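>>> Provided below are the primary sequence and the corresponding predicted coordinates.
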Amino acid sequence: MSNVIMRLAAPVLLAGFLLIACGGQSEDRPVTFMISGAPEELDAYEELINQFNREHPEIDVDLIYVASAGEFRERLSTMFSGNRPPDVFLYNYRRLGNYAADGAIRPLGDRLDSSAVLDRADFYPVTLAAFTYEGRLTCIPQNLSSPVIYYNMGLFDAAGLDYPQAGWTLDEFIATAAALTVDTDGDGRTDRWGLGTEVESIRLAPFLWGSGGDFIDDPENPTRTTLDEPAEMDAIRWFTDLRLVHGVTPDLVAESGQSSEDRFLNGSVAMYMDSRVATPALRTITAFEWDAAPLPIGDQLVSERPVAVLHSDGFCMSERAAADELHAESAWTFIEYAVSETGQIILAGAGRTVPSMIRVAESPAFLDTAPPANNQVWLDAAATMRALPMIPGWNQFEEMLSVELQRLYYGDGTLEEFLVKAEALAEPMLER
């Protein structure tokens with residue numbers, strides 16, 4: 001059995017998607033499996049499929065690879081609308097609400113419970129809870145992550161600053177970022193910033209929760225937004241003040257010209273807040289050493305650790321694939337293998353993910369991969385991870401709210417205007 005690989009690489013193909021076809025014959029048709037991600041992830045999934053084929057030669061897997069996450073979401077939506085979805089796809093729990101409500105995906109809890117290979121106790125509980133919709137487990141979590149602070153050790157050394165440690169406060173965080181924000185060439189303009197981050201709702205979430213606030217009043221059946229309450233407004237001000245008051249992150253012109261991730265790569269951002277997704281790109285750095293630290297903690301928190309926001313992708317099966325029992329069994333066999341200990345060790349090698357299987361995450365297969373040296377930071381965060389809602393309309397609300405948050409963050413509008421817009425954006429979600 002051989003694999004014929006076709007990649008979404010040439011510009012003329014960027015509007016479409018390509019298949020990795022597994023040759024050979026079987027009683028069942030091939031299982032189509034759709035993913036998005038960086039080249040390192042594609043390589044890891046190719047390895048996973050090749051290993052699966054060696055152990056299950058009776059099942060062919062066709063891999064649909066779409067490099068761009070945005071293109072992936074659009075393509076997946078189009079495929080479902082045309083009643084030709086992939087049999088299996090890897091997707092973030094935050095984006096599944098509409099699919100789950102429409103009955104477009106087959107819940108997999110019963111298959112997990114009857115599996116001879118997997119057990120619910122294998123996985124971090126927060127990941128299983130995140131993929132549960134109306135009491136049913138929709139997809140099997142492949143990974144978990146949370147935002148951390150990546151930091152340039154050389155810049156800390158040059159500034160005489162201690163490396164960030166667990167328990168550092170919000171005030172210490174701002175003071176550190178300010179000390180690392182400098183005009184290096186003396187022209188009167190900042191050209192190295194202490195901090196960089198994507199300005200999105202999911203980046204605000206840990207600080208919103210840490211202040212005792214939230215986006216909505218009920219994560220399963222919301223009736224109103226809560227962003228206009230005192231704790232929430234304090235958290236929003238703290239977050240936007242990073243730019244508007246302290247000036248420790250790039251302004252809109254600088255960020256538009258070069259992303260904070262690219263600036264961290266070239267040394268013009270000293271700290272970078274992101275999830276595990278940044279690790280493969282950061283591993284290309286050769287000019288300096290870097291590591292990862294936990295988010296800072298606020299004095300108002302009861303917990304001794306910061307509240308972490310869960311990032312997690314899961315293997316989902318379309319309802320269309322499940323309609324044929326023989327085909328559903330083939331699709332499940334692949335999912336079961338992919339999230340097994342063997343599969344998770346293979347995928348952990350790409351550096352992109354923290355395994356959702358506890359014993360793999362706590363093993364050398366993950367902890368001993370470097371950089372960063374401090375892979376433990378994500379496992380420590382698991383104790384305080386919270387999931388964003390998986391409800392119809394949440395994905396659209398979160399994306400539009402991020403646009404409004406960016407405007408506020410870069411000085412285009414007031415907090416009051418932001419709150420009015422947030423309430424209007426939430427209406428379609430609340431009316432469901």
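It's in. Residues are numbered from 1 along each chain as shown.

>>> need phi/psi at the residue nearest in space to the middle of the chain.
Among the residues of the chain, residue 311 comes closest to the average C-alpha position under C-alpha atoms, centre = their mean, at 4.0 Å. Backbone geometry at residue 311, expressed as degrees, to the nearest 10, gives phi -110, psi 130.

>>> mind checking how far it is from residue 35?
The span separating residue 311 from residue 35 equals 16 Å under the rule C-beta to C-beta, to the nearest Å. Using the backbone N, CA and C atoms, a C-beta is placed for each residue, glycine as well.

>>> for residue 148, same thing?
Separation of residue 148 from residue 35 (C-beta to C-beta) stands at 24 Å.

>>> who has more neighbours out of those two?
Each of residue 148 and residue 35 had its neighbours counted (other C-beta atoms under 10 Å), and the higher figure belongs to residue 148 (26 against 21).

>>> my read: that one touches residue 295, true?
Yes. Taking C-beta atoms under 8 Å as the definition, residue 148 is a contact partner of residue 295 at 6.9 Å.

>>> now the helices for the stretch 51-200 of the chain?
Counting by DSSP state H, counting those that start in this stretch, the stretch 51-200 of the chain has helices at residues 69-81, 97-101, 109-114, 125-130, 153-159, 170-179.

>>> for residue 393, find the nearest of the ones you listed.
Ranking the helices of the stretch 51-200 of the chain by proximity to residue 393 (C-beta to C-beta) places helix 97-101 first, at 6.7 Å.

>>> quick check: buried residues in that closest one?
97-100 (16 or more other C-beta atoms under 10 Å).

>>> what sits up against that helix?
By C-beta atoms under 8 Å, 6 or more residues apart in numbering, the list of residues contacting helix 97-101 from outside reads 80, 105, 133-134, 138, 316, 389-395, 432.

>>> let's see it at 6 Å
Among residues not part of helix 97-101, those counted as contacts by C-beta atoms under 6 Å, 6 or more residues apart in numbering are 105, 133, 138, 390-392, 394.

>>> so what pLDDT did residue 307 get?
We have a pLDDT of 87 for residue 307.

>>> just the closest of the contacts of helix 97-101 to residue 228, please.
residue 394 (18.8 Å).

>>> so who does that closest one touch?
Contacts for residue 394 (C-beta under 6 Å, 6+ apart) come out as residue 97.

>>> the same query, at a cut-off of 7 Å, please.
Contacts for residue 394 (C-beta atoms under 7 Å, 6 or more residues apart in numbering) come out as 94, 97, 388, 429.

>>> cool, and residue 131?
Contact analysis of residue 131 by C-beta under 7 Å, 6+ apart lists 93, 137-139, 141, 314.

>>> one step back: most neighbours out of the contacts of helix 97-101, which is it?
Using other C-beta under 10 Å as the neighbour criterion, residue 390 leads the contacts of helix 97-101 with 27 neighbours.

>>> what about that one, distance to residue 405?
With distances defined as C-beta to C-beta, the gap from residue 390 to residue 405 amounts to 21 Å.

>>> same question for residue 362.
Between residue 362 and residue 405 the distance is 35 Å, computed by C-beta to C-beta.

>>> now residue 57
Between residue 57 and residue 405 the distance is 50 Å, computed by C-beta to C-beta.

>>> the two: who's more crowded?
For residue 57 and residue 405, the more surrounded residue by other C-beta under 10 Å is residue 405, and the numbers stand at 21 against 12.

>>> quick one: contacts for that one?
Applying C-beta under 7 Å, 6+ apart to residue 405 gives the contacts 199, 201, 204.

>>> where does it fall, helix, sheet strand or coil?
Here residue 405 is helix, with the state taken from DSSP: H, G, I helix; E, B strand; the rest coil.

>>> so what's it scoring on pLDDT?
At residue 405, the model reports a pLDDT of 98.

>>> pull out the buried residues from the contacts of residue 405.
If you count burial by 16+ other C-beta under 10 Å, the buried members of the contacts of residue 405 come out as 199, 201, 204.

>>> tell me which of the residues you listed is nearest to residue 47?
The shortest separation between residue 47 and any of the buried ones among the contacts of residue 405 is 34.0 Å, and it belongs to residue 201 (by C-beta to C-beta).

>>> is it true that that closest one touches residue 404?
No. Shown here, residue 201 and residue 404 do not form a contact pair, counting by C-beta atoms under 7 Å, at 9.2 Å.

>>> mutual contacts of the two, please.
By C-beta under 7 Å, 6+ apart, residue 201 and residue 404 have no common neighbours.

>>> how much space separates residue 74 from residue 37?
Counting by C-beta to C-beta, the gap between residue 74 and residue 37 amounts to 16 Å.

>>> these two: which has the busier surroundings?
In this comparison of residue 74 against residue 37, neighbours counted by other C-beta under 10 Å, the higher total goes to residue 37 at 23 against 13.

>>> neighbours of the closest residue in space to residue 88 that isn't next to it in sequence, how many?
Leaving aside its sequence neighbours, residue 88 sits nearest to residue 33 (C-beta to C-beta, 6 or more residues apart in numbering; 4.6 Å). Taking other C-beta under 10 Å as the neighbour definition, residue 33 ends up with a count of 24.

>>> mind checking pLDDT for residue 33?
Looking at residue 33, its pLDDT stands at 98.

>>> check residue 40 too.
Listed pLDDT for residue 40 reads 86.

>>> so which helix or strand takes in it?
Here residue 40 sits within helix 39-55, counting by DSSP states H and E.

>>> what helices and strands are in contact with that helix?
For helix 39-55, the packing partners by 3 or more C-beta pairs under 7 Å, 6 or more residues apart in numbering; DSSP states H and E come out as strand 61-66, helix 325-338, helix 341-348.

>>> and residue 207, how far is that from residue 234?
As for residue 207, its distance to residue 234 is 9 Å (criterion: C-beta to C-beta).

>>> neighbour count for those two, which is higher?
Set side by side, residue 207 and residue 234 give different neighbour counts by other C-beta under 10 Å, the larger being at residue 207 (22 against 17).

>>> remind me which residues of the stretch 251-400 of the chain are low pLDDT?
Along the stretch 251-400 of the chain, the parts satisfying pLDDT under 70 run over 299-305.

>>> helices along that one, start to end?
Using DSSP H, counting those that start in this stretch, the helices found in the stretch 251-400 of the chain span residues 252-257, 260-266, 279-282, 319-322, 325-338, 341-348, 358-361, 364-367, 376-381, 394-409.

>>> residue 87 is nearest to which of the ones you listed?
Proximity to residue 87, assessed across the helices of the stretch 251-400 of the chain by C-beta to C-beta, is greatest for helix 319-322 (3.6 Å).
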